[in-house]
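Trainee: Next comes the sequence, and after it the predicted model I'd like to discuss.
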Amino acid sequence: MTEYWAILERNAAGLHEQSGELISELLEVARRKAESVTVCAVLLTDQQIELPDLKLLPQMGIQRLYLLLHPRLADYATGDYVAALAWFVQQHAPALMVAHATPNGRDWTPRLAAQLCLPFAPNCLGFDLHDNTLLALRSIYEGRAYAQTSTSCHARPALVTLLPGIRGVVAGQHSSPTPSTSFETMVLYPELPARAERIRRIAIQAPSPEEMALDAAERIVAGGRGVGQEGFSAITQFAHRLGAAVGATRVATDLGWVEHSRQIGSTGKTVRPKLYIACGISGAVQHTSGMSESQTIIAINPDRSAPIFALADLGLLGDANQILPLAAQLLQSEQHEPAT
């Protein structure tokens, strides 16, 4: 029977929060097929680690879960993930594999595709498998144009990475109208080759706001002309406390207040964070075209007629240079407040 695989990602909190989105997209592709397709989830882990909550899987329509267990899969490591999945693909040969284009997903997928000579479509907005051909929709020129690609599979498993946030389906918040009634779990123990201990995991440390890549940040605090050059000090300090990245408008980068790599907009980066705080930004189309798909937008501006308020989920009328220090104090007081 034909199998489609959703290769899930886990972290300390459980499954990746967009796992539901990945599964939904794969199930939609499977439903369009005339032939019977078994939609499976694949999770790489170690038997000593507690499994995340997996009730989502049968509720969404997943029929089979493959658990790949090995001590070297306790934490993400490129070589081990590629070796385990290469072993698994050669054992079972699915028709289609889908993973999220997260930093880890972008790391191991091209290596697996190169090792097994797989048809590969990275960073997709949508995809389909038709007549042994992989069809994919991808964004180009920072989201200002789209390209439809067609890749012949030659009877080999196709590999796709999906950009997170395309469907907006969060794990645990969606269930299929036809949940799986025959869900099964299969445990496998992949054979991994011996390796030299060249990389040792010590800890995970979040980068500073100045170093965090905008397209990977879940929170962004951005500034414009309205905050002035000195205002970016307050923005950076608040971003540190919030664990967010620092962004800017074109005016701020052109004036040299922030490096150009921090620019958001039609001539800069396109971002889709969970939280976007716009400080002293009027809301010109040149900027909003690069951040309008953020999940939650907070605008701080002293001009009540600023266009940014029409886009914001929450608007604060005032000077960001005064509001951000107050917000930082509130966050600090909450962190130090004793539990009751």
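Mentor: Thanks, I have the structure now. Numbers count the residues shown, from 1 in each chain.
Trainee: okay, CA-based contacts and neighbour counts for the rest of this
Mentor: Noted.
Trainee: which strand is the longest one in the chain?
Mentor: strand 120-130 (DSSP state E).
Trainee: Next, the buried residues of it.
Mentor: Going by neighbour count (16 or more other Cα atoms under 10 Å), the buried part of strand 120-130 is 120-129.
Trainee: what packs against that strand?
Mentor: Here strand 120-130 touches helix 19-31, helix 103-116, strand 133-140, strand 158-162, going by 3 or more Cα pairs under 8 Å, 6 or more residues apart in numbering; DSSP states H and E.
Trainee: export the ones you listed to CSV and tack on mean neighbour count and mean pLDDT?
Mentor: Shown next, in CSV, are the helices and strands packed on strand 120-130 (neighbours: other Cα atoms under 10 Å; pLDDT from 0 to 100):
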stretch, mean neighbour count, mean pLDDT
helix 19-31, 21, 91
helix 103-116, 17, 95
strand 133-140, 18, 92
strand 158-162, 26, 96
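Trainee: Among the ones you listed, which comes closest to Q295?
Mentor: With distances scored as Cα to Cα, the stretch of the helices and strands packed on strand 120-130 nearest to Q295 is helix 19-31 (14.7 Å).
Trainee: ok and the closest one relative to strand 158-162, angle-wise?
Mentor: Helix 19-31 runs at 140 degrees relative to strand 158-162, counting by axes from the mean of the first three to the mean of the last three Cα atoms, to 10 degrees.
Trainee: mean confidence for the host helix or strand of Q322?
Mentor: Using DSSP states H and E, Q322 sits in helix 320-336. Averaging pLDDT along helix 320-336 yields 85.
Trainee: And that helix, how far out from the chain middle?
Mentor: Centre-to-centre, helix 320-336 and its host chain are 28 Å apart (Cα atoms, centre = their mean, to the nearest Å).
Trainee: what's that helix packed up against?
Mentor: Short answer (3+ Cα pairs under 8 Å, 6+ apart): helix 320-336 packs on helix 228-242.
Trainee: Quick check: next helix or strand after the helix it packs on?
Mentor: The helix or strand immediately downstream of helix 228-242 is strand 245-248, counting by DSSP H and E.
Trainee: L118 touches P157, doesn't it?
Mentor: Yes. When contacts are counted by Cα atoms under 8 Å, L118 is listed as touching P157 (6.2 Å).
Trainee: Return the residues in contact with the residue nearest the centre of the chain.
Mentor: Among the residues of the chain, the one closest to the centroid is P164, at 3.9 Å (Cα atoms, centre = their mean). By Cα atoms under 8 Å, 6 or more residues apart in numbering, the contact set of P164 is 18, 21, 100-102.
Trainee: repeat that for 10 Å
Mentor: By Cα atoms under 10 Å, 6 or more residues apart in numbering, the contact list for P164 reads 17-19, 21-22, 99-102, 123-125, 272.
Trainee: can you list those in JSON lines and add distance to V39?
Mentor: As requested, the contacts of P164 are exported to JSON lines (distance: Cα to Cα, whole Å):
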{"residue": "E17", "distance to V39": "19"}
{"residue": "Q18", "distance to V39": "17"}
{"residue": "S19", "distance to V39": "14"}
{"residue": "E21", "distance to V39": "14"}
{"residue": "L22", "distance to V39": "12"}
{"residue": "A99", "distance to V39": "14"}
{"residue": "H100", "distance to V39": "16"}
{"residue": "A101", "distance to V39": "20"}
{"residue": "T102", "distance to V39": "21"}
{"residue": "N123", "distance to V39": "21"}
{"residue": "C124", "distance to V39": "19"}
{"residue": "L125", "distance to V39": "20"}
{"residue": "R272", "distance to V39": "28"}
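Trainee: Go through the residues you listed and name the one nearest L188.
Mentor: A99 (19.5 Å).
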